[in-house]
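Trainee: predicted model follows, preceded by the sequence.
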Amino acid sequence: MMIRAVFAITLVSILLPGCQRETDGKLVELTGRIFVFNYRVATAKYLVTLRKLGPLPEGSTAVAEFENPKGGETLTTGEKIFAVDERIAIQSPHVQCVRKGHPYAVTIRILDTSGEVLQEIETSITSDVDQTVLPTKPLVIGPGYEANPEVFGTGGAADYGKAEACPT
């Protein structure tokens, strides 16, 4: 009987670690990346989602650098990571000039409280539509989503604005 108990304990101690997921030293993994086009308010932005693979040091942040589709300096934003968060969502500021089929570079860094990089992820996001699907002026304004008077004038006329010059 004693031999069976020792064998069972030994077997469990060998197999149990094999059931755990290997993280290869990663703290988070990329779970989603997309451009979000909001037709009502005529905006586009990047959205990246991450999943925590284990606990992170208290006060960690996720900082993302997004390629600016209009050109110029990269767009940087950050999110504080809380212990209760299993998923982390990072959105860019509004962007302009997104082109269909063009891969835009994104770098995500997980930082501790002193600013030391704990993990870095490099990826890209490619849109399946051009930003020309959006009107150049918001269709609605205010908290009640009132019709934008700059777009919807009297007599049923609509002025959706003129497209901004974007790099080719």
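Mentor: Noted; the coordinates are in hand.

Trainee: what's G59 in contact with, if anything?
Mentor: Listed by C-beta atoms under 8 Å, 6 or more residues apart in numbering, the contact set of G59 reads 80, 112-113. For every residue, glycine as well, the C-beta is placed using N, CA and C.

Trainee: between the residues you listed, which is closest to L27?
Mentor: The shortest approach to L27 among these belongs to D112, at 10.2 Å (C-beta to C-beta).

Trainee: residue contacts, the nearest residue in space to that closest one that is not next to it in sequence?
Mentor: Distances taken as C-beta to C-beta, 6 or more residues apart in numbering place P57 nearest to D112, at 4.9 Å, with adjacent residues excluded. Residues near P57 by C-beta under 8 Å, 6+ apart: 112-113, 118.

Trainee: which stretches of the chain form helices?
Mentor: Secondary structure of the chain (DSSP state H): helices at 2-19.

Trainee: can you tell me the centre-most residue of it?
Mentor: V48 (1.4 Å; C-alpha atoms, centre = their mean).

Trainee: is it correct that R99 is in contact with P69?
Mentor: Yes - using C-beta atoms under 8 Å, R99 is in contact with P69, at 6.9 Å.

Trainee: same drill for these two, tell me which one is more crowded.
Mentor: P69 (21 against 16; other C-beta atoms under 10 Å).

Trainee: picking that back up, which residues do R99 and P69 both contact?
Mentor: Residues touching both R99 and P69 (C-beta under 8 Å, 6+ apart): 131, 166.

Trainee: that older thread, and the residue nearest to D112, how far from D128?
Mentor: The gap separating P57 from D128 is 37 Å, by C-beta to C-beta, to the nearest Å.

Trainee: and if you look at D85?
Mentor: For D85, the distance to D128 - C-beta to C-beta - is 29 Å.
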